[in-house]
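Enquirer: build me a model from this:
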Amino acid sequence: MGKKLFIAEKPSVAQEFAKVLKVNGRRGDGFIESAEYIVTWCVGHLVTMSYPEAYDPAYAKWSFETLPFIPEKYKYEVIGNVKKQFDMVKKLLNREDVEAIYVCTDSGREGEYIYRLVDQMAAVPDTKAKYRVWIDSQTEDEIMRGIREAKPLSAYDNLSASAYLRAKEDYLMGINFSRALSLKYGGWLNDNVNGKKWTSVSVGRVMTCVLGMVVSREWEIRKFIKTPFYRILGSFSPEKQEEGEESGFEGEWRVNEKSQYFQSPKLYKENGFTEEGFAKELMENLMNGEKKAVVDKVEKKKEKKNPPLLFNLAELQNLSSKLFKISPDETLQIVQELYEKKLVTYPRTDARVLSSAVAKEITKNLKGLQGYEMALPYLRDIAERKSYQGLEKSRYVDDKKITDHYAIIPTGQGLGALASLKPVSAKMYEVIVRRFLSIFYPPAVYQKMNVSLHVDNPQGEHRYEETFVTTAKVLVEEGFLPVSRYSFSKKKKEEGDANGENEDMTDSDALAKILPMLKKGMVLSLRDLKIKEGETSPPKRYNSGSMILAMENAGQLIEDEELRAMIKGSGIGTSATRAEILKKLVNISYLDLNKKTQIITPTLKGELVCGIVRYSIPAMLSPKLTASWEKGLNGVSEGEISETEYMDKLTGFVRTQVGNVKQTNNMSKLRSYYQIAGAYYEKKEKKKNGK
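Expert: Numbering: from 1, shown residues only. Just a heads-up that it's a prediction; the model follows:
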């Protein structure tokens, strides 16, 4: 009887499979073997696409004559520093006594690609049975389920095809556009950047789009001109108050059709003035009057705030940048560690909901968490209320919103590893657990109060009415909120901000006290008026977390409804690649990342590269392009688009864009662009040096 070979993506994952399968036999150099099973592993990618010079040594020299470079048949090669492991894996895959191969690489497009390249380079015969193991965590139960329900590898052929095409897409765009733009404008770039050595113009399908988003935001900020505005706040209270009683509230003036300033050019929006003098003018008129206000409307209604959806990787990276001031790459490393220690489910996911199958067995996760002290009081409450029942019918379960994996949740296993975690890893685990437990709690309930009143403003024959409004929200039922408060958070406000709980509102307590007394038509005293000065704010710079969210939700930057719907939940890049893309842009000095604040800004070099692309291949800066390619890849993986159809579109795009670069010269535009960008960085450098 032949043996079964299990091949994982990493040695640590292979060890887990070996434990589950009880493979305790011979340990070779790169594998573990028993009488029935062999377990081996890759070390990430073992095979990669060959550079152009592998096709012809002449391609080693960059030249317009050799562009565009579009191979008829693509070449691949073993990565040099992992050749030893590849040779071992190849030998095992082709062993005569191996009758079945179980592919256990990460369950996603990239994991599929890693094995398929190995299979291709090792020339594994199709006579061997090949199965795909698809799991969502590394717990024993999940690994056994994945092996038991493994499908033939051929069931994932469309996913494999889309993976190959994604790699070819990045390869063709990267090599052709980087070489073409470097040949045309590389000298200009290096002349204007203080670097010690010549560098190329590095261009990538996703990377360049992200760079463009950051540079575009930076230019919006620089062009922004602050505009001051002046609001009027009034203090109101009942006419009859007990001596010493303070029962009042503030209201903000807003223009209305009966106002003296209706449609006036003196206005800044509906609640302010463009000049302080205009605000003072109205204040004087009102304070010289009867100083009385009449209540026009009193509204109160309850508002519910549901527990947030579960974490996907982007959401966790965004929150971690706020809570821990760490980069998306660091977040991924930590949550990957939690995954490998069996504490949480698969991290590289775009979904924020669970599958119906997982929801039906969610009590396993809850029971497993009983060994986690922080969770114990909440688990008792959940068990007592049986709030886990009916989870599959809630907003937190939706099979249609899951592609490869469901949301990140605690497995309820591996708790023994908690003691060995670094502090930030332990905190992140708590964050994931609290988000998970929150979904078993009811919404937070607020009492929202809206009050509108008017003050007469007689001006000669005209009788104007000036409106003041106030809004407040009072928490009446905490619901899930206590569960979402982190034990490591010292300040309640920071805690609420991180969870998106805090909102601008007036003095809720003051209004709550007086609200029951207010009725339509009631007369109040206008105690005082004051001016509150403000100014418009520029757009915020991206931080590492908001950048990841912007990449995930790139649809908001696209007008085309079909394309926007298509990339919803996937966006620019994938959950597996976004952090690495951002890290690369920092490493090649196109972006700066402030480690303390996690704020992202472009460098002069990055801005100049962005300028080169903007005037040469502007489509590369648009999320719309990425969306269109992603739509094609999804079509291939779903069997709706053929590989040939996709490649024809891709090669046509590359040929057209390279041709445009060859035929046009944008040097005059770039010189003007540099005058603006260069002057900004020169001024910035002088300020930094105190000159």
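Enquirer: what's residue 351 in contact with, if anything?
Expert: The neighbourhood of residue 351, defined by Cβ atoms under 8 Å, 6 or more residues apart in numbering, consists of 312, 401, 402, 403, 405, 406, 407, 569. Bear in mind the C-beta positions are built from the backbone N, C-alpha and C, glycine included.
Enquirer: please redo it, this time with the cut-off set to 6 Å
Expert: 312, 401, 402, 406, 407 (Cβ atoms under 6 Å, 6 or more residues apart in numbering).
Enquirer: the fourth one: how many residues sit nearby?
Expert: This means residue 406. Using other Cβ atoms under 10 Å, residue 406 is surrounded by 27 other residues.
Enquirer: between the contacts of residue 351, which is closest to residue 596?
Expert: residue 312 (26.3 Å; Cβ to Cβ).
Enquirer: distance check, the closest one against residue 483.
Expert: 19 Å (Cβ to Cβ, to the nearest Å).
Enquirer: try residue 449
Expert: Residue 449 is 26 Å from residue 483, by Cβ to Cβ.
Enquirer: list of residues touching stretch 12-28?
Expert: So stretch 12-28 is contacted by 6, 8, 32-34, 37, 39, 41, 104, 138, 140, 143, 340 (Cβ under 6 Å, 6+ apart).
Enquirer: please apply the same query to stretch 90-102.
Expert: Against stretch 90-102 from outside (Cβ under 6 Å, 6+ apart): 2-6, 31, 38, 40, 122, 124, 128-131, 133.
Enquirer: among those, which are in helices?
Expert: Within the contacts of stretch 90-102, residues falling in helices by DSSP state H are residue 122.
Enquirer: ChimeraX command for the buried members of the contacts of stretch 90-102?
Expert: Command for ChimeraX that selects the buried part of the contacts of stretch 90-102, burial taken from 16 or more other Cβ atoms under 10 Å:
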select :3,4,5,6,31,38,40,122,124,128,130,131,133
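Enquirer: residue 521: which of the contacts of stretch 90-102 is nearest?
Expert: Checking those against residue 521 by Cβ to Cβ gives residue 133 as the nearest, at 72.3 Å.
Enquirer: and the pLDDT for the closest one?
Expert: Note on residue 133: pLDDT of 97.
Enquirer: tell me who's in contact with it.
Expert: 102, 104, 146, 147, 150.
Enquirer: could you check how far it is from residue 111?
Expert: 10 Å.
Enquirer: just residue 595 next, same as before
Expert: According to Cβ to Cβ, residue 595 stands 31 Å off from residue 111.
Enquirer: more neighbours: the two, which one.
Expert: Taking neighbours as other Cβ under 10 Å, residue 595 and residue 111 compare with residue 111 leading, 23 against 11.
Enquirer: who does the helix or strand encompassing the more buried one touch, helix- and strand-wise?
Expert: Assigned by DSSP states H and E, residue 111 falls within helix 109-122. If you count contacts as 3 or more Cβ pairs under 6 Å, 6 or more residues apart in numbering; DSSP states H and E, helix 109-122 packs onto strand 47-49, helix 157-192.
Enquirer: so which of these gets nearest residue 533?
Expert: helix 157-192 (41.7 Å).
Enquirer: skip ahead from that closest one and say which helix or strand is next.
Expert: Along the chain past helix 157-192, the next helix or strand (assigned with DSSP H and E) turns out to be helix 207-223.
Enquirer: how about low-confidence regions in the protein?
Expert: Residues of the chain that meet the criterion pLDDT under 70 lie in 195-196, 241-247, 490-512, 555, 557-570, 691.
Enquirer: which residues sit against stretch 342-349?
Expert: Counting by Cβ under 6 Å, 6+ apart, 136-139, 312-313, 335-336, 338-339, 405, 408-411, 413-414, 429, 432, 575-576 sit against stretch 342-349.
Enquirer: how far does it stretch from start to finish?
Expert: Terminal residues of stretch 342-349 are spaced 16 Å apart (Cα to Cα, to the nearest Å).
Enquirer: middle-most residue in this structure, spatially?
Expert: Among the residues of the chain, the one closest to the centroid is residue 549, at 2.5 Å (Cα atoms, centre = their mean).
Enquirer: ok, it - contacts?
Expert: 314, 318.
Enquirer: before we move on, the earlier item: of the contacts of residue 133 - the most surrounded one?
Expert: residue 104 (28 neighbours).
Enquirer: that one contacts residue 4, doesn't it?
Expert: No. Residue 104 lies out of contact with residue 4 (Cβ atoms under 6 Å); the separation is 11.2 Å.
Enquirer: those helices in the stretch 501-650 of the chain, which residues are they?
Expert: If DSSP state H, counting those that start in this stretch is used as the criterion, the helices of the stretch 501-650 of the chain fall at 508-514, 544-552, 561-567, 578-587, 604-616, 623-637, 643-663.
Enquirer: adding distance to residue 323, write those helices out as TSV.
Expert: Formatted as TSV, those follow (distance: least, Cβ to Cβ, whole Å):
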stretch	distance to residue 323
helix 508-514	26
helix 544-552	9
helix 561-567	27
helix 578-587	17
helix 604-616	28
helix 623-637	28
helix 643-663	41
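Enquirer: please work out which of those is packed deepest.
Expert: Highest mean neighbour count among those (mean count of other Cβ atoms under 10 Å): helix 544-552, with a mean of 26.
Enquirer: so how far is that helix off the chain centroid?
Expert: 4 Å (Cα atoms, centre = their mean, to the nearest Å).
Enquirer: ok and it relative to helix 578-587, angle-wise?
Expert: Counting by axes from the mean of the first three to the mean of the last three Cα atoms, to 10 degrees, helix 544-552 lies at 120 degrees to helix 578-587.
Enquirer: which one of the contacts of residue 351 is nearest residue 258?
Expert: Closest approach between the contacts of residue 351 and residue 258, by Cβ to Cβ: residue 401, at 48.6 Å.
Enquirer: need the contact list for that closest one.
Expert: Counted by Cβ under 6 Å, 6+ apart, residue 401 has contacts 351, 353.
Enquirer: likewise residue 266?
Expert: Residues in contact with residue 266, defined by Cβ under 6 Å, 6+ apart, are 273, 278.
Enquirer: backbone phi and psi for it, please?
Expert: Per-residue torsions, residue 266: phi -80, psi -10 (degrees, to the nearest 10).
Enquirer: any idea how far it is from residue 322?
Expert: Distance, residue 266 to residue 322, by Cβ to Cβ: 40 Å.
Enquirer: got it, and residue 448?
Expert: For residue 448 relative to residue 322 (Cβ to Cβ), the value is 26 Å.
Enquirer: repeat that for residue 532.
Expert: For residue 532 relative to residue 322 (Cβ to Cβ), the value is 28 Å.
Enquirer: neighbour count winner among the two?
Expert: Neighbours were counted for residue 532 and for residue 322 using other Cβ under 10 Å; residue 322 has more, 17 against 13.
Enquirer: name the element the more buried one belongs to?
Expert: Going by DSSP H and E, residue 322 is in helix 313-323.
Enquirer: what packs against that helix?
Expert: Looks like helix 313-323 contacts helix 328-340, helix 544-552 (3+ Cβ pairs under 6 Å, 6+ apart).
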